[in-house]
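Peer 1: Build the 3D model from these lines:
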Amino acid sequence: MTASTPEAMVKTPDFCQGIQYFGEALPEFETYGKAAIAPGSTSISEPTDPAAIFQTLLAADALRYLTLQVTASKASGHPGGFASQVEAYAALVMLGHKNILTEVGHHAPGFYSAMFLDRSLEDMGIETVQQLRDRFREEHGLLGHLSGYIPGILSPAGPLGQGQHFAMAAARLHPDKLFPFTVGDGGLGEPYIMSSMAHFHTAYPGVTNFLPVLVWNGYSQEHHSMVSTKSNQEMMAYWHGNGFEEVVLVDAKDFDDQNQPGDYIDSTAFSFEQRLVFTKAVLIAADEAARSALSGKLTVLIIKQLKGAGVHARGAKSHNLYAMHTLDNPDIVNALKARALAPAAWELVRTNFERAGGGSAARTSVTESVLPLPDLGELPLEEFSVGGAPKVATTAMGRLVGIVGERDRNYLVANADGNEASGIANINQALKIIHPTPDDLYNQNPTGQVYEPLSEDACAGLASGLALMGSRTLWCSYESFAINGLPIMQTVMQAMAELRRPTPSIITLFTAGALEQGRNGWTHQRPEIEAYFAAMMRNGNAFPVFPPDANSIQVAYEWGLNTKNKGIVITASKSPLPIRTTFEQARKGLEDGAIALQEISGSKTVVFAVVGDMVLLPVFEAAAYLEAQEVGVRIVSVVNPRRLYRPTDVAWDSCSEPDGSFLDDAGFERLFGGDALIGVTAGASGMLEPIMLRSTAKRDTFAWKRGETTASPAELMALNGLTAENLVKRAMELVS
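Peer 2: Below is the predicted model:
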């Protein structure tokens, strides 16, 4: 091994600047050193081609080297998990498959290394290994976990149990392409992965072009993985038992010629000849798995190899680097020297990676272009008369959802707890629940557009994943259960804030709030969901919306459909409630953030800033009491609280599709100026923060405290202090 020097750099490709060590040319290079992916080709010709096998092995070592050097350059990051499966990743690339995703955020430095090798990262100014090192884990550089901000990366990766949703969404939208995604055996313990794939396969039996690649290396983050004691037969039976028709497994132990102990083996310790045999087996297996998945069989590829194979440590100790793991650390130095390639080998690997799949991932991945969508035209909104018969807001929106689905056949509605129970049976009637058993009574059909697994994670996962991939979707949930699906929605919403292309916003409809679930008790009362989105509003692209009636919900849905890269969270009741706004008022409320519903003159003015629809009932009742006492009242419906922040409160200008519309001070004073201000919400008080930050009046907040079993919404509000009597009492105290 030779340390890189300025003199040596003259003889090497420019992109190699920053490589710490170079190796000697391998004897086989003279025979197999011509690119296995020919000019104009997108893949190797045969997985058994000796040149392809040799060059796949070079690619695996190049990925290991870069992953370790990049992480060690910052003494931070996660090389071990990715290192244990690089033969599989390299094989898939050499076979022409570039749309590779991951369920493992800790594989990020490996994915960045692959994106560097195929020149994707040149789009962000990273052209040399030195620049790759410099910008790893730096602001506006290569994030510690994957993000849509990085050219060529299809989806974010962070919390475990999410990656399969993105792969399945992409597979549904692009049936002619393969979407492999790596799954760690540590993450396999997450229950969502298998259950969500099983439901998806039942709903879409013909969509099998997503390929889980199980990285079975025996360890999770800090200890042995929970599946490390399974035999090969047990692991294969596990996948077969979960509906996988083809299970393709390659075990490094079957190729070991060094008598390594244990069930998990490091192939980089083999003789070079045996490493080639192992690489050949992985290439053949990857080709078999890819062909199987693309031919209509639910397939998994499993590579069983010791965690940390070929890097600075083995087992869980290889998972991440610590402060001492700098480029001068002996373990790092020895590992880099062992993996070092000759300059000509680096050039060969880059040539293959650039040609594979028809070009860099930054040019060829499905997420690098905007998905064409059908024109929805003008939606036939139905305006109800203010003061007329009460209407169910969710039902009014449901009618429009059905029309959107009929005009866009890729449109998907996800709901785990039943649309009918949320007042939106009309969605099921129009679009049908996806089910292998046709049944008109239950609105079921195999070609339906309503996805109903009994898992909020699976609902939110597929809906959010489809939106990220460029399709229109809607996730419907009881507010009380949505909490289980929020993590992946948050992941995708944050990714959309960074995304380098426009994509339809994630839209949700959260119904049957805590008040309507009184008789079910606290198990069905989860107002902390609103606190979740109250916090996310400062992210810049999160827009929780609270339409006060059946007119404003239609306007809110129409608006959401025309936005990009945002999270539009519509919360509404399933009970018939008064019509309080016209369409014109509703649009004004969305744009300004709030709309005045009632104004009564008096000697002093109390302003009620109200988040929600049903909770307006005691507020209007309180206003009548105050009017009788000659106290002025202004009831303001807080429709779109994100608009009520000050621009400096929110990271809007860093979003990829920035929305910098905020209500100015004069507009805020017109709505909320008075002698006293009372914020009222049947959810978390955090949603009122934008108003409380800006108001200078005497003020107070009435909000949810806790759940309990009650016979009516009014009784539940009373238990939380949300009564007309309490509102009047506090208003009088504030203006006295």
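Peer 1: pull the CA atoms of stretch 343-360 into CSV?
Peer 2: C-alpha atoms of stretch 343-360 as CSV (Å, rounded to 0.1, in the frame of the first residue of the first chain):
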residue,chain,number,x,y,z
PRO,A,343,-6.0,4.0,-9.5
ALA,A,344,-7.0,2.0,-12.6
ALA,A,345,-9.4,0.0,-10.5
TRP,A,346,-11.0,3.1,-9.2
GLU,A,347,-11.5,4.3,-12.7
LEU,A,348,-13.0,1.0,-13.7
VAL,A,349,-15.5,1.0,-10.8
ARG,A,350,-16.6,4.5,-11.7
THR,A,351,-17.1,3.6,-15.3
ASN,A,352,-19.3,0.7,-14.5
PHE,A,353,-21.3,2.7,-11.9
GLU,A,354,-21.8,5.6,-14.2
ARG,A,355,-23.0,3.3,-17.1
ALA,A,356,-25.2,1.1,-14.9
GLY,A,357,-28.9,1.8,-15.3
GLY,A,358,-28.3,4.2,-18.1
GLY,A,359,-26.5,6.9,-16.2
SER,A,360,-26.1,8.4,-12.7
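Peer 1: just how off-centre is it within its chain?
Peer 2: Here stretch 343-360 is found 30 Å from its chain centre; the criterion is CA atoms, centre = their mean, to the nearest Å.
Peer 1: can you check stretch 372-387 too?
Peer 2: With CA atoms, centre = their mean, you get 29 Å for stretch 372-387.
Peer 1: Determine how far the last residue of it lies from the first.
Peer 2: Terminal residues of stretch 372-387 lie 42 Å apart, using CA to CA, to the nearest Å.
Peer 1: For that stretch, list every residue counted as buried.
Peer 2: 376, 383-384 (16 or more other CB atoms under 10 Å). Every C-beta, even on glycine, is put in place using the N, C-alpha and C of the backbone.
Peer 1: likewise stretch 721-736?
Peer 2: Applying a neighbour-count criterion of 16+ other CB under 10 Å, one finds 722-724, 726-728, 730-732, 734-735 buried in stretch 721-736.
Peer 1: out of these, who's nearest residue 244?
Peer 2: residue 722 (51.2 Å; CB to CB).
Peer 1: residues in contact with stretch 413-426?
Peer 2: 392, 394-395, 397-399, 401-402, 405, 427-428, 431, 443, 449-456, 458-460, 462-463, 473-478, 481, 485, 509, 511-512, 574 (CB atoms under 8 Å, 6 or more residues apart in numbering).
Peer 1: Check the secondary structure at the most centrally placed residue in the chain for me.
Peer 2: For the chain, residue 492 is the residue whose C-alpha lies nearest the centre (CA atoms, centre = their mean; 3.1 Å). The three-state label given to residue 492 by DSSP: H, G, I helix; E, B strand; the rest coil is helix.
Peer 1: Any idea how many residues pack against the spatially closest residue to it that is not a sequence neighbour?
Peer 2: In this structure, residue 492 finds its nearest non-sequential neighbour in residue 464, 4.0 Å apart by CB to CB, 6 or more residues apart in numbering. Neighbourhood size, residue 464 [other CB atoms under 10 Å]: 29.
Peer 1: one step back: could you export the buried residues of stretch 372-387 to CSV, including columns for distance to residue 305, pLDDT and secondary structure?
Peer 2: What follows is the buried residues of stretch 372-387, written out as CSV (distance: CB to CB, whole Å; pLDDT from 0 to 100; DSSP: H, G, I helix; E, B strand; the rest coil):
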residue, distance to residue 305, pLDDT, secondary structure
376, 49, 97, coil
383, 63, 98, coil
384, 63, 98, coil
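Peer 1: From the residues you listed, pick the one nearest residue 564.
Peer 2: Set against residue 564, the nearest of those by CB to CB is residue 376 (14.3 Å).
Peer 1: Tell me which residues touch the closest one, please.
Peer 2: Shown in contact with residue 376 (CB under 8 Å, 6+ apart): 404, 407-408, 561.
Peer 1: among the residues you listed, which two are most distant?
Peer 2: Across the contacts of residue 376 (CB to CB), the longest gap, 10.8 Å, separates 407 and 561.
Peer 1: Between the two, which is the more surrounded one?
Peer 2: More crowded of residue 407 and residue 561, by other CB under 10 Å: residue 561, with 19 against 14.
Peer 1: separation between the more buried one and residue 419?
Peer 2: 19 Å (CB to CB, to the nearest Å).
Peer 1: do residue 656 as well
Peer 2: 32 Å.
Peer 1: Of these two, give the one with the bigger neighbour count.
Peer 2: More crowded of residue 656 and residue 419, by other CB under 10 Å: residue 419, with 25 against 19.
Peer 1: Dihedrals phi and psi, that one?
Peer 2: Note on residue 419: its backbone torsions stand at phi -70, psi -40 [degrees, to the nearest 10].
Peer 1: Ok, the one 4 residues further on next?
Peer 2: The phi and psi values for residue 423, taken as degrees, to the nearest 10, are phi 80, psi 20.
Peer 1: Do I have it right that the residue nearest to the centre of the chain meets residue 156?
Peer 2: Yes. Under the criterion of CB atoms under 8 Å, residue 492 makes contact with residue 156 at 7.1 Å.
Peer 1: Need the nearest residue in space to residue 484, chain neighbours excluded.
Peer 2: Leaving aside its sequence neighbours, residue 484 sits nearest to residue 456 (CB to CB, 6+ apart; 3.9 Å).
Peer 1: list the contacts for the one you found?
Peer 2: 416, 477, 481-485.
Peer 1: tell me which of the residues you listed is nearest to residue 41?
Peer 2: residue 485 (42.6 Å).
Peer 1: how many neighbours does that closest one have?
Peer 2: Neighbours of residue 485 using other CB under 10 Å come to 24.
Peer 1: what sits opposite residue 392 in the beta ladder?
Peer 2: Legend: beta-bridge partners of residue 392 under DSSP bridges are residue 576.
Peer 1: Contact partners for it?
Peer 2: The neighbours of residue 392, taking CB under 8 Å, 6+ apart as the test, are 423, 550, 573-577.
Peer 1: Quick one: those residues as TSV, columns for pLDDT too.
Peer 2: Formatted as TSV, the contacts of residue 392 follow (pLDDT from 0 to 100):
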residue	pLDDT
423	87
550	98
573	92
574	92
575	92
576	95
577	96
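Peer 1: Any quick ChimeraX command for the buried ones out of those residues?
Peer 2: To isolate the buried ones among these in ChimeraX, judged by 16+ other CB under 10 Å, type:
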select :423,550,573,574,575,577
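Peer 1: ranges for the strands of the stretch 1-150 of the chain?
Peer 2: Applying DSSP state E, counting those that start in this stretch to the stretch 1-150 of the chain gives strands spanning 2-3, 21-22, 101-102.
Peer 1: For those strands, which has the smallest mean pLDDT value?
Peer 2: Looking at the strands of the stretch 1-150 of the chain, the lowest mean pLDDT belongs to strand 2-3 (a mean of 49).
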